[in-house]
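S.K.: any chance you could fold what I've pasted below:
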Amino acid sequence: MLSQTFSRLALAAGFISCVVLPVSCTTAPVDLKPRTVDFSHYDQPLTVQVFERIQDNVYERLGKGRIKEDRYFIIPFAYENRGNEPHFSHSFISVIRVLADGSHSKLTPELRTRRYKDREFEAFTISWLPADFAENPHLCVFEGFGALVVPSCNECSAVVGKSFDLASTLKLAVSAQVAVGMWGPYEITRGGFDLGVKRLRVLEAGKVKYLADDRISRKKGTAINCFHAMSSLDELYPTGGFLGTGFKGWGLNGTKHVLKEYTTKASNKGLLLQPVDIEKDVVGFVYAPEKGSTKVYNPFRNASAYRN
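M.R.: Take a look at the predicted model:
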């Protein structure tokens, strides 16, 4: 996708962003801890591994006994390939409402009620991508001379967007053979859940389009990218720095940026009910071509391998 000219521009942009935005470009401390890959669930599909981990973790947080009030959780995600190329990167989030025992609460009209063990719950995912991405997974990110540095030079156009569900998003990850990161579940308030539902409704209404490089379209209020779709739930077109989150601010970095926002704005507003450790809380799932393979892109301290 990127020409040699574009590659030179990318290097120049990296230099410029380090000058303008030194915080986002400071050298990260060297991680000397060994990175391990667990192959014990290798034959389980990625969707099964992720769903089971979410369900078990939420169930553990609920504890034993009756639930007197509805409980709410968020699970942020990201995926990326080796090299963190923007057109192979994505950020998304799932939101869960576990219904109280014997609950007569009003259900959310657009959400399906499901059951896990003895608990009923509602769930949805904000995974904002071009509507035809499953059939045409060729994401336009930066096209045109100087597009990476100068937003007005970008020839990519806004397109009709769609919020994919979690299973469909994970299938996209499997097809791209990328590393998937998952944080949480983090408990939130009813207000946080309602803001998530409101954002989903706005996206599904069709007035907002998708554009990977949304530096201009966010200001115009016409289109947003995947991590802005899940960030600032009380502000549809959030502001940001270079490329919205900083140079290389997509994939895992994009979701980490959103989590930093959650730990300040959401916590200060009382929407997030528990602390977040962005580096320690992440759980990884990495593609391996065969069981026991060492040819694995693993950006996590600990990860579970998948093949399909």
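S.K.: hmm, what's the outermost residue in the protein?
M.R.: Of all residues in the chain, residue 102 has its C-alpha farthest from the mean position, at 33.1 Å, by CA atoms, centre = their mean.
S.K.: can you pull the contacts of that residue?
M.R.: Listed by CB atoms under 8 Å, 6 or more residues apart in numbering, the contact set of residue 102 reads residue 66. Using the backbone N, CA and C atoms, a C-beta is placed for each residue, glycine as well.
S.K.: kindly report the same for residue 176.
M.R.: Counting by CB under 8 Å, 6+ apart, residue 176 has contacts 79, 81, 88, 137.
S.K.: in a strand, the first one, correct?
M.R.: Yes: with the criterion set as DSSP: H, G, I helix; E, B strand; the rest coil, the secondary structure at residue 79 is a strand.
S.K.: low-confidence regions, the stretch 151-300 of the chain specifically.
M.R.: Per-residue confidence for the stretch 151-300 of the chain (pLDDT under 70) gives these ranges: 233-248, 266-268.
S.K.: residues contacting the nearest residue to residue 146 once chain neighbours are set aside?
M.R.: By the measure of CB to CB, 6 or more residues apart in numbering, the closest residue to residue 146 outside its immediate chain neighbours is residue 153, 4.2 Å from it. Neighbouring residues of residue 153 by CB under 8 Å, 6+ apart: 144-147.
S.K.: again with residue 47
M.R.: Applying CB under 8 Å, 6+ apart, one finds that residue 47 lies in contact with 166-167, 170-171.
S.K.: in three-state terms, label it for me.
M.R.: Per three-state DSSP, the secondary structure class of residue 47 is helix.
S.K.: which parts of the stretch 151-300 of the chain are helices?
M.R.: The residue ranges that make up the helices of the stretch 151-300 of the chain, judged by DSSP state H, counting those that start in this stretch, are 166-176, 190-204, 217-220, 226-229, 252-261, 267-268.
S.K.: from the ones you listed, which stretch is densest packed?
M.R.: Among those, judged by mean count of other CB atoms under 10 Å, the one packed with the most neighbours on average is helix 226-229 (a mean of 28).
S.K.: contact partners of that one?
M.R.: Helix 226-229 is contacted by residues 90-92, 126-129, 163, 199, 203, 210, 212, 214, 218, 237-238, 240, 244-245, 249-250, 254-255, 257-258 when judged by CB under 8 Å, 6+ apart.
S.K.: compile the helices of the stretch 151-300 of the chain into JSON lines and extend it with columns for distance to residue 121.
M.R.: JSON lines is the format used below for the helices of the stretch 151-300 of the chain (distance: least, CB to CB, whole Å):
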{"stretch": "helix 166-176", "distance to residue 121": "13"}
{"stretch": "helix 190-204", "distance to residue 121": "11"}
{"stretch": "helix 217-220", "distance to residue 121": "33"}
{"stretch": "helix 226-229", "distance to residue 121": "23"}
{"stretch": "helix 252-261", "distance to residue 121": "23"}
{"stretch": "helix 267-268", "distance to residue 121": "24"}
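S.K.: quick one: closest of those to residue 287.
M.R.: Residue 287 lies closest to helix 166-176 among these, at 7.5 Å (CB to CB).
S.K.: just how off-centre is the closest one within its chain?
M.R.: In terms of CA atoms, centre = their mean, to the nearest Å, the centre of helix 166-176 is set 12 Å apart from its chain centre.
S.K.: and for stretch 68-79?
M.R.: Its chain's C-alpha centre and that of stretch 68-79 lie 13 Å apart, by CA atoms, centre = their mean.
S.K.: ok, stretch 130-142 next?
M.R.: Here stretch 130-142 shows a centroid-to-chain-centroid distance of 16 Å under the convention CA atoms, centre = their mean.
S.K.: stretch 193-204 too?
M.R.: 16 Å.
S.K.: check stretch 294-304 too.
M.R.: For stretch 294-304, the gap between its own C-alpha mean and the chain's C-alpha mean amounts to 18 Å (CA atoms, centre = their mean).
S.K.: again with stretch 106-118
M.R.: Taking the mean C-alpha point of stretch 106-118 and that of its whole chain, the gap between them comes to 23 Å (CA atoms, centre = their mean).
S.K.: send me that stretch as PDB with only the CA atoms.
M.R.: Only the C-alpha atoms of stretch 106-118 are listed here, as PDB (Å, rounded to 0.1, in the frame of the first residue of the first chain):
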ATOM      1  CA  LYS A 106     -36.700  -2.500  31.200                       C
ATOM      2  CA  LEU A 107     -34.600  -4.100  28.600                       C
ATOM      3  CA  THR A 108     -32.700  -2.300  26.000                       C
ATOM      4  CA  PRO A 109     -34.800  -2.600  22.800                       C
ATOM      5  CA  GLU A 110     -32.000  -3.200  20.300                       C
ATOM      6  CA  LEU A 111     -30.100  -5.700  22.400                       C
ATOM      7  CA  ARG A 112     -30.700  -9.400  22.600                       C
ATOM      8  CA  THR A 113     -31.000 -11.000  26.000                       C
ATOM      9  CA  ARG A 114     -28.700 -14.000  26.500                       C
ATOM     10  CA  ARG A 115     -27.900 -16.400  29.300                       C
ATOM     11  CA  TYR A 116     -24.600 -17.800  30.700                       C
ATOM     12  CA  LYS A 117     -25.000 -20.400  33.400                       C
ATOM     13  CA  ASP A 118     -27.700 -18.900  35.700                       C
END
